[in-house]
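Undergrad: only geometry, no sequence info:
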């Protein structure tokens, strides 16, 4: 098992859960496999994924309708704004990180706290605080979460921590959204930029250029939805620089 890979428990009787039974009845074992693939992605992304069903379907080699159904139709996930997560994943992450307050915060950075999670039908999520209102307050995304997700652990960590702490919350969110896509475009981490170069050059704003080692056909032109999402992310970054 790779050094930076974390084990998470998989209940052996998960298929006996009524929600899972309904999932399998509708989508078969394909739906069951998609469910666990999404759970794995939640573990790797602080228990918060965007409701980008097109992107998730592409990553999992499935289709939009099936992915949207797995996520929405069986009460398996909880929602907050444009993100969704899992209560059981959150509980396991909190247990794993209970000895480290910093790590605990990084595992739940997109949620106010475990009790604040609500299903989409329970009402509107709280409005996000403006960048100028949260600037200078506690860091929502701890450096260690970036460090673990980026995987290429090179450079002087203490200097990188200072660089990370100096970023705005909007920039840190953009970075955490960008890294999984950057890793797909450049799967061989030895060819990825060093963390210091990535942060100094604001590489999360760069256009992703697929590595020649990426399997032919695994990268596709961005959809209009993805282009609009990129535009919004860039706009959020530019606004953060004015605050």
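TA: Ah, there it is. Since the structure is predicted, the reported quantities are computational estimates derived from the model, not experimental observations.
Undergrad: for stretch 74-85, how far is the first residue from the last?
TA: In stretch 74-85, first residue to last residue: 14 Å (Cα to Cα, to the nearest Å).
Undergrad: quick one: the strands in this protein?
TA: For the chain, applying DSSP state E gives strands covering 49-50, 78-80, 83-85.
Undergrad: can I get those strands in TSV with distance to residue 182, mean neighbour count and mean pLDDT?
TA: Glycine gets a C-beta too; all of them are placed from N, C-alpha and C. Formatted as TSV, these follow (distance: least, Cβ to Cβ, whole Å; neighbours: other Cβ atoms under 10 Å; pLDDT from 0 to 100):
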stretch	distance to residue 182	mean neighbour count	mean pLDDT
strand 49-50	16	19	93
strand 78-80	25	19	93
strand 83-85	20	21	93
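Undergrad: got TSV for these, with distance to residue 94 too?
TA: Formatted as TSV, the strands of the chain follow (distance: least, Cβ to Cβ, whole Å):
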stretch	distance to residue 94
strand 49-50	18
strand 78-80	15
strand 83-85	12
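Undergrad: the protein: helices as residue ranges?
TA: Counting by DSSP state H, the chain has helices at residues 18-44, 53-59, 64-72, 87-96, 101-107, 131-134, 143-150, 157-165, 169-185, 195-200, 224-242.
Undergrad: the ones you listed: lowest mean pLDDT?
TA: Of all the helices of the chain, helix 131-134 carries the lowest average pLDDT, namely a mean of 40.
Undergrad: and the protein, what are its domains?
TA: 13-127, 128-243 (automatic domain parsing).
Undergrad: about what we covered before: quick one: which of the helices of the chain is nearest residue 208?
TA: helix 169-185 (4.3 Å; Cβ to Cβ).
Undergrad: and the angle for that closest one with helix 157-165?
TA: 120 degrees (axes from the mean of the first three to the mean of the last three Cα atoms, to 10 degrees).
Undergrad: counting by contacts, list what helix 169-185 packs against.
TA: helix 131-134, helix 143-150, helix 224-242 (3 or more Cβ pairs under 8 Å, 6 or more residues apart in numbering; DSSP states H and E).
Undergrad: number of residues surrounding residue 178?
TA: 18 (other Cβ atoms under 10 Å).
Undergrad: that one reaches residue 204, doesn't it?
TA: Yes: using Cβ atoms under 8 Å, residue 178 makes contact with residue 204 at a distance of 3.9 Å.
Undergrad: mind checking how far residue 35 is from residue 46?
TA: 19 Å (Cβ to Cβ, to the nearest Å).
Undergrad: compare the two (neighbour count), which wins?
TA: The residue with more neighbours, out of residue 35 and residue 46, is residue 46; 25 against 22, by other Cβ under 10 Å.
Undergrad: just checking, that one touches residue 145?
TA: Yes: proximity of residue 46 to residue 145 meets the contact threshold set by Cβ under 8 Å, at 6.1 Å.
Undergrad: can you lay out the helices of the chain as CSV showing distance to residue 78?
TA: Converted to CSV, the helices of the chain look like this (distance: least, Cβ to Cβ, whole Å):
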stretch, distance to residue 78
helix 18-44, 11
helix 53-59, 16
helix 64-72, 11
helix 87-96, 6
helix 101-107, 15
helix 131-134, 23
helix 143-150, 20
helix 157-165, 28
helix 169-185, 19
helix 195-200, 31
helix 224-242, 22
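Undergrad: what's the closest of these to residue 209?
TA: Proximity to residue 209, assessed across the helices of the chain by Cβ to Cβ, is greatest for helix 169-185 (6.5 Å).
Undergrad: ok and that closest one relative to helix 18-44, angle-wise?
TA: Using the same axes, to 10 degrees: helix 169-185 against helix 18-44 is 100 degrees.
Undergrad: give me the number of residues near residue 194?
TA: Residue 194 has 14 nearby residues by other Cβ under 10 Å.
Undergrad: and stretch 154-170, end to end?
TA: 24 Å.
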